[in-house]
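J.: Here is the input, now give the coordinates:
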Amino acid sequence: MADSTLQPDNSVRLNKLVQASPQQVYDTWLDASSYAKWFTPAPEAQCTEACIDPTVGGKFRIVIGTPGGDHVGFGQFLELVPGKRIAMTWSWESEDGYAANTTLTLDLYATDNPHGDGPATEIVLTHAGLESAASRSDHTGGWWGCLKAIGFFVRGVDPREAMYGQSAERA
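T.: Next up is the predicted model:
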């Protein structure tokens, strides 16, 4: 019997065009000090702590505060190709077994900027190994919020203000 967590229908795959170079997106994703400013999966959620060791085999831990309590994402970097790819394991510490030992990959492709001059990047985010359709749905919304937010942040725009009408300081 096949393991259903490995089926493609239990994966999230999102594409997002951002107005920044692949290297800028790569560096932003791996910079712990910027997470509180851009890692915002939903209006009521904000990254309150990020510890990142951006090396292959290095670990990360991200705390997302919500009115219902903290959610802690953690994992280990599997592959880091500057300006091209970030691959890592992903689990939720605060939710027993939820999305445990899944794999998150960001592929970064330089592309033409349809919005004007300057660089642009197509981010292809794949979160594989989710255990159910409900988990896939939850993660799709969360990752889409994060991709929209990083797109604002790399352009120098406050994502919380642009997306939710909140400043990062007030959230």
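J.: mind listing the strands in the protein by residue range?
T.: Taking DSSP state E as the criterion, the chain carries its strands at 12-18, 46-52, 59-66, 69-81, 85-92, 102-111, 120-128.
J.: closest one to residue 160 among those?
T.: Ranking those by distance to residue 160, with C-beta to C-beta as the measure, places strand 46-52 first at 7.4 Å. From N, CA and C alone the C-beta is placed, and that goes for glycine too.
J.: circling back: among the strands of the chain, which comes closest to residue 157?
T.: Nearest of the strands of the chain to residue 157, taken as C-beta to C-beta: strand 12-18 at 11.1 Å.
J.: what is the mean pLDDT for that closest one?
T.: In this model, strand 12-18 has a mean pLDDT of 96.
J.: Just checking the distance from it to the centre of its chain.
T.: How far strand 12-18 lies from its chain's middle: 10 Å, per C-alpha atoms, centre = their mean, to the nearest Å.
J.: what about residue 130, neighbour count?
T.: Applying other C-beta atoms under 10 Å, we find 25 residues neighbouring residue 130.
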